[in-house]
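>>> Let me see the structure of the following:
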Amino acid sequence: MADDSVWELMGSMVTANQDEALRCLVARSGDEVCLRLLCYGDSLTAGLHSGDLFSPYGETLQLSLDRAVELWICGLCGETAVNLAERMHAEEICGVKTRLCGQTWNRSGPGLQRLLQDHGFFDLVLVVAGTNDIYVNVAPERVVAAIQDLHRACHLAGSRTVVLSLPPSSCTADGNAEEKSRHEVNDLLQQWATSQAATQQGVALYVDLNILMPFSTENGLWDADGLHFSKAGSRSLGMKLAALIGWLLDENAP
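Below you'll find the predicted structure:
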């Protein structure tokens, strides 16, 4: 964690390895905050890996931007996009009790619509969800519909959104069922996210994680489990996203 940043949860100082999924990364001391961002999703948003366990990309994203922002992170390990969409109103989603990166996790956090309601307006929301769905054989059309519902909840709250594709992994080898589903989800997501209708609704950008986070056991971006970003990978993604979304924040700045 960067020396000039702190984690804050509901006004209380906490460590990054707590069971609660919701965190707020406040701006650096002395900076005037004018924009608020939210990163929402599953364990890829949480930054789970087998090192010091949580290194969310949102942390590096916040520090890499050239303006002060308040950035919230809610990563629910093991959750599918379908469940996140169906439980958007929930005060608490307990998450899936799952063993990842050598640890058993059951992190809890609010549904997206409840988070937007309780914690105010966000200028921009980044959503990473859907990877867990393809591993439990959810139909691609249903996965995309769930991701669209998450974005539309943000749009109804007045927030613009960034659509991030499903990244590759060691489990999505060429030709297998999971890879076919991932490609279909991403094709449908891109078609929707780059359409005029989606832009008018509030989609600000589509980001292809196949390009930003190519899978390899040798590039240092991936954890040993082949499913999660490494600590270096999450940092790399945060820096790359900062370069991509900076102009969007310029548009939103007062």
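>>> how about the helices of the stretch 1-150 of the chain, start to end?
43-46, 57-64, 81-86, 112-118, 131-135, 140-156 (DSSP state H, counting those that start in this stretch).
>>> Which of these has the lowest mean pLDDT?
Least confidently modelled of the helices of the stretch 1-150 of the chain is helix 43-46, at a mean of 89 by mean pLDDT.
>>> low-scoring pLDDT stretches of the stretch 101-250 of the chain, where are they?
For the stretch 101-250 of the chain, applying pLDDT under 70 flags the ranges 101-106.
>>> just to revisit the earlier point, mind putting the helices of the stretch 1-150 of the chain in CSV, distance to W247 included?
The C-beta positions use only the backbone N, C-alpha and C, and glycine is treated the same way. CSV is the format used below for those (distance: least, C-beta to C-beta, whole Å):
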stretch, distance to W247
helix 43-46, 22
helix 57-64, 14
helix 81-86, 27
helix 112-118, 24
helix 131-135, 27
helix 140-156, 19
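>>> which of those is buried the deepest?
Comparing those by mean neighbour count (mean count of other C-beta atoms under 10 Å), helix 43-46 ranks first with a mean of 29.
>>> what residues does that helix touch?
Under the criterion C-beta atoms under 8 Å, 6 or more residues apart in numbering, residues 21, 39, 54, 56-58, 73-78, 100, 105, 107, 128, 131, 167, 228-229 lie in contact with helix 43-46.
>>> Quick one: closest of the helices of the stretch 1-150 of the chain to L212.
helix 57-64 (10.0 Å; C-beta to C-beta).
>>> Mind checking what secondary structure S170 has?
coil (DSSP: H, G, I helix; E, B strand; the rest coil).
>>> Now do the contacts for the closest residue to it other than its chain neighbours.
Excluding the flanking residues, the one nearest S170 by C-beta to C-beta, 6 or more residues apart in numbering is G226, at 2.7 Å. Counting by C-beta under 8 Å, 6+ apart, G226 touches S169, S170, C171, F215, T217.
>>> Look at the residue nearest to P56 when sequence neighbours are not counted and say how many residues are nearby.
Spatially, and ignoring its direct neighbours in sequence, P56 is nearest to G47 (3.4 Å; C-beta to C-beta, 6+ apart). Residues contacting G47 under the criterion other C-beta atoms under 10 Å number 28.
>>> in the sheet, who's paired with L71?
L25, L37 (DSSP bridges).
>>> Run a quick neighbour tally on it.
26.
>>> Just the pLDDT at it, thanks.
Per-residue confidence (pLDDT) for L71: 95.
>>> Quick check, G246 in contact with L65.
Yes: using C-beta atoms under 8 Å, G246 is in contact with L65, at 6.4 Å.
>>> When these two are compared, which one has more neighbours?
In terms of neighbours (other C-beta under 10 Å), L65 is the more surrounded of G246 and L65; the figures are 20 against 13.
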